[in-house]
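*Asks:* build the 3D model from these lines:
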Amino acid sequence: MVSITEIENFWTRGDLHSRINQAMLDSGLNNKKLEIEDLFPIDQYHARGIGATIDLGKRMPITENQKIIDIGCGLGGPARYYAKEFKCHITGIDITPSFIEIGNEFNRLTSMSNMIDLHVGKGEKLEFEDEVFDGAYSQHVTMNISDRNKFFSEIYRVLKKGSFFAFTEHGLGPKDNPIFPLPWADNLDMSFLLPPAKTVTILKEIGFINIKLIETGDKYIEGYEKLIQKQPKSEKPTLGIHVIGGPSMHERSINSMRSIKENRTLPFEIVCEK
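*Replies:* Predicted coordinates for the structure are as follows:
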């Protein structure tokens with residue numbers, strides 16, 4: 001089993017606070033009031049960036065003043081976007097303390113702290129009462145979850161009846177294992193991919209209904225191609241997911257794109273109801 005320290009080290013790749021502070025300083029964004037859009041290049045920590053967050057948001061029936069939970073919130077980028085877009089309140093949890101610390105600082109800088117609460121926590125054991133949330137979402141988290149039944153069951157437990165759960169993930173394709181290292185795992189010890197059909201079966205067994213699966217592989221190939229296109233070092237953007245992912249992010253992104261093209265992984269979105 002991978003330890004909490006190993007998880008923290010994987011996601012932070014060293015002194016994440018210093019790297020982000022330097023990138024913010026170089027971008028002229030340090031210690032000033034920001035709009036959430038200023039942070040899109042760095043706080044949407046997935047290959048398609050804000051585009052993936054917007055797409056998932058269009059599928060979620062969020063309404064004003066609802067209480068939504070974000071499981072695996074990262075730096076809180078999607079939470080800030082949805083809170084502003086839908087005028088809802090979002091509680092985010094993530095297993096990586098540095099992400100929560102930086103995310104709460106980003107909330108302060110964008111004046112979003114009154115709409116978003118970010119906490120250290122595990123999706124497999126949510127520290128909330130039963131049926132307290134109007135909806136839940138998760139972006140590219142389940143690939144790291146070994147006990148998918150426990151993860152989905154906890155989400156089901158904290159959701160009110162009639163609410164929704166939406167998430168994105170990379171499923172296991174028909175052609176062997178993916179190519180490591182990847183954005184979410186350096187090796188098989190951290191990666192727990194399931195075929196999309198198996199994921200749907202687990203959701204049904206737990207009690208979720210009206211399960212809709214949307215394949216997104218073509219969109220992710222396009223996103224990775226934009227992300228990894230070669231640029232001179234002097235032209236590399238100051239803000240970007242490379243700031244978080246470190247020097248290996250380029251290789252990991254290439255491997256993820258190849259894994260999709262070779263049908264080793266199958267990216268998809270799911271929206272379902274309780």
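*Asks:* please, where are all the strands along the chain?
*Replies:* Secondary structure of the chain (DSSP state E): strands at 67-71, 89-94, 116-120, 133-139, 159-172, 209-215, 265-273.
*Asks:* quick one, which of those strands gets closest to K33.
*Replies:* The closest of the strands of the chain to K33 is strand 116-120. By C-beta to C-beta, the value is 16.1 Å. Every residue, glycine included, has its C-beta placed from N, CA and C.
*Asks:* that closest one to strand 67-71, inter-axis angle?
*Replies:* Counting by axes from the mean of the first three to the mean of the last three C-alpha atoms, to 10 degrees, strand 116-120 lies at 40 degrees to strand 67-71.
*Asks:* helices or strands up against the worst-scoring helix or strand of the chain on mean pLDDT?
*Replies:* Counting by mean pLDDT, DSSP states H and E, the chain has its least confident helix or strand at helix 4-12, which shows a mean of 85. Applying 3 or more C-beta pairs under 8 Å, 6 or more residues apart in numbering; DSSP states H and E, one finds that helix 4-12 contacts helix 97-109.
*Asks:* mind listing what's buried along the helix it packs on?
*Replies:* Along helix 97-109, these residues count as buried under the neighbour rule (16 or more other C-beta atoms under 10 Å): S98, F99, I100, I102, G103, N104, E105, F106, N107, L109.
*Asks:* distance of the fourth one relative to D94?
*Replies:* Right, the one you point to is I102. For I102, the distance to D94 equals 10 Å [C-beta to C-beta, to the nearest Å].
*Asks:* need the strands of the chain in CSV with distance to F180, can you?
*Replies:* Shown next, in CSV, are the strands of the chain (distance: least, C-beta to C-beta, whole Å):
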stretch, distance to F180
strand 67-71, 24
strand 89-94, 23
strand 116-120, 27
strand 133-139, 21
strand 159-172, 13
strand 209-215, 23
strand 265-273, 11
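*Asks:* I'd like those strands as JSON lines, with mean neighbour count, distance to G57 and mean pLDDT appended.
*Replies:* Shown next, in JSON lines, are these (neighbours: other C-beta atoms under 10 Å; distance: least, C-beta to C-beta, whole Å; pLDDT from 0 to 100):
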{"stretch": "strand 67-71", "mean neighbour count": "23", "distance to G57": "11", "mean pLDDT": "98"}
{"stretch": "strand 89-94", "mean neighbour count": "23", "distance to G57": "12", "mean pLDDT": "98"}
{"stretch": "strand 116-120", "mean neighbour count": "19", "distance to G57": "15", "mean pLDDT": "97"}
{"stretch": "strand 133-139", "mean neighbour count": "24", "distance to G57": "9", "mean pLDDT": "98"}
{"stretch": "strand 159-172", "mean neighbour count": "20", "distance to G57": "9", "mean pLDDT": "97"}
{"stretch": "strand 209-215", "mean neighbour count": "13", "distance to G57": "14", "mean pLDDT": "98"}
{"stretch": "strand 265-273", "mean neighbour count": "21", "distance to G57": "11", "mean pLDDT": "98"}
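*Asks:* tell me which of those lies nearest to M257.
*Replies:* Checked against C-beta to C-beta, the stretch from the strands of the chain lying closest is strand 265-273, at 9.7 Å.
*Asks:* can you list contacts of the closest one?
*Replies:* Residues from elsewhere that reach strand 265-273 (C-beta atoms under 8 Å, 6 or more residues apart in numbering): 55-56, 59-60, 162-173, 178, 193, 195-196, 199-200, 203, 208-217, 219-220, 256, 259-260.
*Asks:* so what strands line up beside it?
*Replies:* Strand 265-273 has the following sheet partners, assigned by DSSP bridges: strand 159-172 (antiparallel), strand 209-215 (antiparallel).
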